[in-house]
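1. Provided below are the primary sequence and the corresponding predicted coordinates.
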Amino acid sequence: MNTTAGVQESEIIKNLSVVVLPKDLPPVQNQVEKKDYKWSEWSDPSKIGPEILKLSSPVKLNPLPRDREYAELHSFKYSVPREDIFT
């Protein structure tokens, strides 16, 4: 993750949440259910409301070491179960 100014890692962790979105688009927000919803179709943020986030799986981010306290580049390691990965 790149920021325009140096940020402490603790602030990034406190203000960032990462989730794996559902594999299928559920019938919420006046949308028709779609099986095997492609990852590229999730690029429209208007389709990701509270109902979708409730069905999503949280991802734990493990920060990687950086060269200074207030860095502009932050890297994380994470693990997602194979069945949650989009094709």
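-> Okay, I see it.
2. okay, now the residue lying closest to residue 51 once chain neighbours are set aside: neighbour count?
-> The spatially closest residue to residue 51, leaving aside those adjacent along the chain, is residue 28, at 4.0 Å (CB to CB, 6 or more residues apart in numbering). For glycine as for every other residue, the C-beta is placed from the backbone atoms N, C-alpha and C. The burial count assigned to residue 28 is 14, neighbours taken as other CB atoms under 10 Å.
3. so residue 1 touches residue 12, yeah?
-> Yes - Residue 1 sits in contact with residue 12 when judged by CB atoms under 8 Å, with a separation of 6.8 Å.
4. settle it for me: which of the two has more neighbours?
-> Under the criterion of other CB under 10 Å, the comparison of residue 1 against residue 12 puts residue 12 first, with 16 against 12.
5. part of a helix, is that one?
-> Yes - when classified by DSSP: H, G, I helix; E, B strand; the rest coil, residue 12 is found to be part of a helix.
6. what about the closest residue to residue 27 other than its chain neighbours, distance to residue 3?
-> Setting aside the residues directly before and after it, residue 27 is nearest to residue 33 in space (CB to CB, 6+ apart), at 4.2 Å. Here the criterion is CB to CB, to the nearest Å. By it, residue 33 lies 37 Å from residue 3.
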